[in-house]
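Colleague: for reference, the sequence and a predicted model appear below.
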Amino acid sequence: MVPVDAALHQGVVSLSTAVALWRGDSRTRTDVRACLDPAAESPAETVARLALIRSGLIPRSQVEYDGIGRADLQVEHVVVEADGRDYHSDPAAFTRDRSKDRRLRRLGLTVLRYAASEVFADPDQVARDVHELLATPPGAVA
């Protein structure tokens, strides 16, 4: 799914074309449509999103917050950020990320920030962490 999401995001292929090219029956074509996301901006986002979906959650991608920016993924009151080293190792980006986290928390959201390497190593841990937080009322200590 990662290469297909990347091609969708870059406009190389349309969602309808990607689904039409999928080899399988109509049921699997429906399943694949639900797993593709043209909004995904990185492989780590795609891998994390698919782990959330496999675990029964329904994540939203690239959720926009006025004056704050976009959150990679969100499930209810939990925001998931998956950071690649290239962009997020820059000192200014590092500082922006922490500021963004604080502003999202002031909106009552819980922020989970992962290095892309963590997502790739154990994507199901992202889903376990989100499930744990969803079982805990917002503002309570897990």
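Modeller: That came through, no problem.
Colleague: low pLDDT regions in this structure?
Modeller: Low-confidence segments of the chain, defined by pLDDT under 70, span residues 1-3, 5-10, 12-13, 15, 18-19, 21-34, 86-89, 137-142.
Colleague: residues of the helix or strand containing Leu50 that come out buried?
Modeller: Element membership for Leu50, per DSSP states H and E: helix 43-54. Along helix 43-54, these residues count as buried under the neighbour rule (16 or more other C-beta atoms under 10 Å): 43-53. For glycine as for every other residue, the C-beta is placed from the backbone atoms N, C-alpha and C.
Colleague: dump the residues you listed to JSON lines, plus distance to Ser99.
Modeller: JSON lines is the format used below for the buried residues of helix 43-54 (distance: C-beta to C-beta, whole Å):
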{"residue": "Pro43", "distance to Ser99": "25"}
{"residue": "Ala44", "distance to Ser99": "21"}
{"residue": "Glu45", "distance to Ser99": "20"}
{"residue": "Thr46", "distance to Ser99": "26"}
{"residue": "Val47", "distance to Ser99": "26"}
{"residue": "Ala48", "distance to Ser99": "22"}
{"residue": "Arg49", "distance to Ser99": "24"}
{"residue": "Leu50", "distance to Ser99": "29"}
{"residue": "Ala51", "distance to Ser99": "27"}
{"residue": "Leu52", "distance to Ser99": "25"}
{"residue": "Ile53", "distance to Ser99": "30"}
